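> Model the structure of this input:
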Amino acid sequence: GFIERGAVGSGLEYVYDDLLTGAFGVRETEWNRKRHIRVRSAPVQHGDDVWTTLDLWLQHRAERHLEYIVEGYEPDRATIIVTEPQTGKVLAMASYPPMDPREFNDFQWGLREDPPIHVPSIAFQDHFAPGSTFKPLSVAAAIDMGLTTVDEPIDCKNGRWSFLPGGRFPIREAFGHRYGVLTVGEIIQKSSNIGVARLVIERMGRDPFYQYLDRFGFGVRSGSRLAGETSGSVIPTRRAQDIDISRMAFGQAMSVTGLQMMMAYGAIANGGVMMAPMIVEKQVLQDGSVLTNEPLPLGRVISEATAKATVEAMKMVCERGGTATNAQIDEYLVAGKTGTAQILGQGDVKYTASFMGFFPADAPQICLGIVAMNPKATEFTGGRAVYTGGRVAGDTFREFGREIGRYLRIPEVESEDPEVAMVRGAR
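All right, here's what the predicted structure looks like:
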């Protein structure tokens, strides 16, 4: 974080500025014509120490992996977030473009005329359409209400479906896919827009869908206490039409922050219990006493059985036939979801590419999210436009995930599933 003249700032440094700053020492000396001297003084009061949950090594590696994405795909903005699902601790949070504190020093001391431009971080200060990374949450809500199961077949209408009279405003599958009947698990694996939209529109309806949006923490700040945090954007319930909800079901017509998505995925990984994000571990006062923050459960979002069923569907994404086989980590089973969300606006078509997931899938210890806005054709991509979540973020998830597992000494898990073994052997 930072704080400028005029008490304008962002992040933890701004929130805790009064505690960190302390007070200047004072020494006043007075004397008269007879040289009688009187001295008054007050000692320096050092500020408190604030210890964050960020792990120095993981933060360094997150920033390095973010550099690889920036060098390879030249996104406008990007973020990598690492969290612990059982506690809500944020272990790493890297953003591009980065903020260089030295630039603020130059401004403060008059070495540059204008304050540096601070680009809001999509980790918590700005928002984006989650796209297909939202689909597991829609499916989890439907399963939790008893409206479907992972094995139920759903007709995905051969790539085109409308619930409106005359077939107006049809929903289509991405990249021209024409799926027929898929199980709910396969809907997540292959990322069917129509399959998820049919579950939400035909079975769930507006009010229950919004109840789960609220449970998963969308449309409100996450509670991180980071100054400048945004709540994302969700259409108010009273204004939402079925056409809006059908798009929200697969992560369009709404926006989120990276931190919101990580907390929602953390709830699935944590057996259905939502945790508040935790960024400050403790505060050490000048008298030596310590104020320790404890993990804060926000409540049960979905049942434990629903969470397990949703994890099974998310594991299929990294298996053969899924949209992110390259995200599978050899040492651990991964549960996750790709996202390739179109950025609405004028001019050229742009996308937000992302992959979010957790591992080991059956006993999650780490959640890892990667988001890149508007990746571009570069020399690294051979001059071709590469913008899908699996391509842009999948490799980074695999490599960084492996590093995290080794660093934290997470026990390796051998898969008995021949499909997973086949995917691993193909790399």
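
> so residue 402 touches residue 331, yeah?
Yes: Residue 402 lies in contact with residue 331 (C-beta atoms under 8 Å); the separation is 6.4 Å. C-betas here are computed from N, CA, C, even on glycine.

> Quick check: buried residues in stretch 385-400?
Using 16 or more other C-beta atoms under 10 Å as the test for burial, stretch 385-400 gives 386-398, 400.

> wait, stretch 397-410
By 16+ other C-beta under 10 Å, the buried positions in stretch 397-410 come out as 397-398, 400-401, 403-405, 410.

> Contacts for that stretch, please.
Stretch 397-410 is contacted from outside by 57-58, 61-62, 65, 80, 82, 324, 326-332, 334, 336, 355, 357, 359-360, 365-366, 368, 370, 412, using C-beta atoms under 8 Å, 6 or more residues apart in numbering.

> quick one: which of those sit in strands?
Of the positions in these, 80, 82, 336, 355, 357, 359, 366, 368, 370 sit in strands, assigned by DSSP state E.

> The fifth one pairs with what?
To tie it back to what came earlier, the one meant is residue 357. Per DSSP bridges, the residues bridged to residue 357 are residue 336, residue 368.

> Return the distance of it relative to residue 342.
22 Å (C-beta to C-beta, to the nearest Å).

> Repeat that for the fourth one.
Residue 355 sits 17 Å away from residue 342 when distances are taken as C-beta to C-beta.

> circling back to that earlier point, residue 357 and residue 342: who's more crowded?
More crowded of residue 357 and residue 342, by other C-beta atoms under 10 Å: residue 357, with 32 against 14.

> pLDDT score for the residue positioned nearest the centre of the chain?
The chain has residue 258 as the residue nearest its centroid, 2.7 Å off, counting by C-alpha atoms, centre = their mean. pLDDT recorded at residue 258 is 95.

> thinking again about what came up before, possible to save the buried residues of stretch 397-410 as JSON lines with distance to residue 146?
Converted to JSON lines, those look like this (distance: C-beta to C-beta, whole Å):
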{"residue": "397", "distance to residue 146": "32"}
{"residue": "398", "distance to residue 146": "35"}
{"residue": "400", "distance to residue 146": "37"}
{"residue": "401", "distance to residue 146": "33"}
{"residue": "403", "distance to residue 146": "40"}
{"residue": "404", "distance to residue 146": "36"}
{"residue": "405", "distance to residue 146": "36"}
{"residue": "410", "distance to residue 146": "34"}
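
> Among the residues you listed, which ones are in strands?
Per DSSP E, strands hold no members of the buried residues of stretch 397-410.

> Do I have it right that the residue nearest to the centre of the chain meets residue 126?
No: applying C-beta under 8 Å as the test, residue 258 and residue 126 come out as separate, 9.5 Å apart.

> rewinding a little: can you tell me which of the buried residues of stretch 385-400 end up in helices?
By the criterion of DSSP state H, membership of the buried residues of stretch 385-400 in helices covers 389-398, 400.

> Let me know the closest of those residues to residue 382.
Residue 382 has its nearest neighbour among these in residue 391, at 12.0 Å by C-beta to C-beta.

> wait, isn't that closest one in contact with residue 351?
No: using C-beta under 8 Å, residue 391 is not in contact with residue 351, being 11.0 Å away.

> need the contact list for the residue nearest to residue 356 when sequence neighbours are not counted.
What sits nearest to residue 356 in space, not counting adjacent residues and going by C-beta to C-beta, 6 or more residues apart in numbering, is residue 369, at 4.2 Å. Residue 369 makes contact with 79-81, 83, 258, 261-262, 265, 354-357 under the criterion C-beta under 8 Å, 6+ apart.

> wait, is residue 317 part of a strand?
No: going by DSSP: H, G, I helix; E, B strand; the rest coil, the assignment for residue 317 is helix, not a strand.

> what's the distance between it and residue 170?
Residue 317 is 25 Å from residue 170, by C-beta to C-beta.

> can you give me the helices in this protein?
Under the criterion DSSP H, helices of the chain are mapped to 11-15, 17-21, 56-73, 101-108, 135-144, 184-190, 193-198, 206-215, 242-248, 258-269, 304-315, 389-407, 418-426.

> from those helices, which stretch is densest packed?
Compared across these, helix 258-269 shows the largest average neighbour count, a mean of 28 (mean count of other C-beta atoms under 10 Å).
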